[in-house]
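Undergrad: What follows is a predicted structure for the sequence shown.
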Amino acid sequence: MPIPKKTFGRTGHLSTRTLFGAAAFSGVTQDEADGAMELLIEYGVNHIDTAASYGDSELRLGPWMETRRNEFFLATKTGQRGYDGAKAEFERSLRRLRVGDVDLIQLHNLVDEAEWEAAMGPGGALEYLLEAREQGLVKYIGVTGHGVAIAGMHQRSLERFDFDSVLLPYNYMMMQNDGYRAGFKEVARLCRARNVALQTIKSLTRRPYVSDQHSHATWYEPFTDQASIDKAVHWALGNEDVFLNTAGDIHLLPLVLDAAARFVERTPDEVMEALASEWEMVPLFV
């Protein structure tokens, strides 16, 4: 069953509401990546979100982008803050992805104050991204981030520059934080007003890992059973403003896609509250 689509902000692209978070390809084999790509195609997923820092992700996507580039909205990210670093990293991304251009380039995890000033200021990464856009190497420019502070930083970023997309955490436990909830709602309001695409991450977070033993490639302990994943995914997709990026583990991908394909209505908050109690949920960011 195909996953429903929604226009990705001002880009005009009809993206599946569930985007492929290609951090899941950081440490997989090409055979594993190929199997995941075939599953994405089966569900109609047509939007891929990767990053220069996601291990081998861009390399694993390369063979698919080389032959099927026109089937996907392709986004990557640079974590560099200066002009020269961003230029070198983005050119490397294009080579690894085996493409001549991407649809969206994003300033990755722009939260730290000093890094924000460097990236957004003279000689910063944004200056290069604008140049890359002029050269036709990319169509759109976005900004991403993690943590409780990112909602406020995204507001500042949108004041400084007219970004085409933002990305930040969104799940039931995060939205129980009064400050974060208010900040997220303001970011969402700005995005609606400016037709900026609103991407969300960390929908499957149960809690931070409680030891160094990690069961999944995600850097948080995720939900792993279909029933709980259904509730978490349906709660997030119940916000009509957002796109949901899939979790960073290919073994969770089939469960998330299955949940997204069956989405009808939002999981009620009281059901999420019961889930939080049952699974001893803890916010990933405080």
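TA: Yep, it's here.
Undergrad: which stretches of the chain have low pLDDT?
TA: Low-confidence segments of the chain, defined by pLDDT under 70, are absent; every residue clears the threshold.
Undergrad: ranges for the strands of it?
TA: For the chain, the strands defined by DSSP state E cover 5-7, 14-16, 18-21, 47-49, 73-78, 102-107, 138-144, 165-169, 197-201, 205-207, 221-222, 242-245.
Undergrad: Put together TSV for these, with distance to residue 87 and mean neighbour count on each row.
TA: For glycine as for every other residue, the C-beta is placed from the backbone atoms N, C-alpha and C. Putting the strands of the chain into TSV (distance: least, C-beta to C-beta, whole Å; neighbours: other C-beta atoms under 10 Å) gives the following:
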stretch	distance to residue 87	mean neighbour count
strand 5-7	31	15
strand 14-16	27	21
strand 18-21	25	27
strand 47-49	21	27
strand 73-78	9	25
strand 102-107	11	26
strand 138-144	12	22
strand 165-169	21	25
strand 197-201	24	25
strand 205-207	34	21
strand 221-222	35	23
strand 242-245	26	25
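Undergrad: Minimum distance to residue 258: which of those strands has it?
TA: Each of these was checked against residue 258 via C-beta to C-beta, and the shortest separation belongs to strand 18-21, namely 10.5 Å.
Undergrad: Residues contacting the closest one, please?
TA: The list of residues contacting strand 18-21 from outside it, by C-beta atoms under 8 Å, 6 or more residues apart in numbering, reads 3, 40, 43, 45, 47-49, 199, 201, 233, 237, 243-248, 253, 256-257, 260.
Undergrad: ok, now with 7 Å
TA: Residues from elsewhere that reach strand 18-21 (C-beta atoms under 7 Å, 6 or more residues apart in numbering): 3, 40, 45, 47-49, 199, 201, 243-248, 256-257, 260.
Undergrad: again, but for stretch 1-8
TA: Outside of stretch 1-8, the residues within contact range by C-beta under 7 Å, 6+ apart are 14-18, 43-45, 47, 73, 197, 257, 260-261.
Undergrad: And these, which is closest to residue 109?
TA: Proximity of the contacts of stretch 1-8 to residue 109, judged by C-beta to C-beta, is greatest for residue 197, which lies at 17.6 Å.
Undergrad: Name the nearest residue to that closest one, ignoring sequence neighbours.
TA: On the basis of C-beta to C-beta, 6 or more residues apart in numbering, the spatially nearest residue to residue 197 that is not a chain neighbour turns out to be residue 9, at 3.2 Å.
Undergrad: hang on, isn't the one you found packed against residue 165?
TA: Yes - Residue 9 is in contact with residue 165 according to C-beta atoms under 7 Å; the separation is 5.9 Å.
Undergrad: quick one: buried residues of the helix of greatest length in the chain?
TA: If each helix of the chain is counted by residues according to DSSP state H, the longest one is helix 178-194. When neighbours are counted by 16 or more other C-beta atoms under 10 Å, the buried residues of helix 178-194 are found to be 180, 183, 184, 187, 188, 190, 191.
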